[in-house]
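Trainee: Just need the structure, nothing else, for what follows:
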Amino acid sequence: MPAPTKVWMVPLGRSPAVEIAGDLRLDDDGLLFTPRNQETPATRIGFPALTKAKRLRASPVIIVTHADSAGAKVHTAFYFTQPPALGNIVKSRTPEPAAGTDLRSIPRPAPFGINARGHSKRRSVRANATYLTREASNRRRELQEWVRAIRDALKT
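Mentor: Numbers count the residues shown, from 1 in each chain. So this is what the prediction gives:
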C-alpha cells in the first residue's frame, strides 16, 4: 500500500468547485481523504462505490470515478502537487500560505519592458501545462503506485 500522501482534492462536475488540501490514504475499506482544515469533514470513498482510477497523462492527477450516496456517478480529481492557478477557476478552501512562501505568486518583471501589458490567458495556460508536466515526471512512480494499488484493491 502506498504511504499517506499530501494531495489536493477537487470534486469535478459540482458547483461551486473547490480545491481542498489534505492527506490521501488507502486502507482496507477504500480511499480516505483527510482535509488539513479541521472544519471540513473527511471524505471516504469505499471500494464498493469506487469503479475506476485513472492517471491523467502528463499531469500529476488521478481521476477517481465512484458513486455518491444517491448512486450517481461522480468524478473526483486528486492533484499530487499544488494545482496551478485554480484560484481563477475554482474557489479554494485551503488557507493561504504565509507571505513569501509561494514563489509562484511573486510577479516577475519582464526583461527590457517586453510585454508590459501583462500575462495573456494563452501564456498562463501554457505555463500551467508546463508546470503540471514537470511535476508529473517528478512523481511518475508515486502516481503509478497509487493507481496500481487502487486497481489491485478493486480486483479483490
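Trainee: show me what contacts residue 42?
Mentor: Contact analysis of residue 42 by CB atoms under 8 Å, 6 or more residues apart in numbering lists 32-35. (C-beta placed from N, C-alpha, C; glycine too.)
Trainee: Could you identify which of these has the most neighbours?
Mentor: residue 33 (21 neighbours; other CB atoms under 10 Å).
Trainee: Name the residues that touch stretch 57-72?
Mentor: With CB under 8 Å, 6+ apart, stretch 57-72 has contacts from 12, 31, 45, 49-56, 73-81, 132-133, 135-136, 138-139, 143, 146-147, 150.
Trainee: Show the buried residues in those residues.
Mentor: 31, 45, 49-50, 53, 55, 74, 76-81, 132, 135-136, 139, 143, 146-147, 150 (16 or more other CB atoms under 10 Å).
Trainee: before we move on, back to that, filter the contacts of stretch 57-72 down to the ones in helices?
Mentor: 132-133, 135-136, 138, 143, 146-147, 150 (DSSP state H).
Trainee: how far away is the residue nearest to residue 153 when sequence neighbours are not counted from residue 40?
Mentor: Of all residues not flanking residue 153 in the chain, residue 47 sits nearest, at 5.9 Å (CB to CB, 6 or more residues apart in numbering). For residue 47, the distance to residue 40 equals 23 Å [CB to CB, to the nearest Å].
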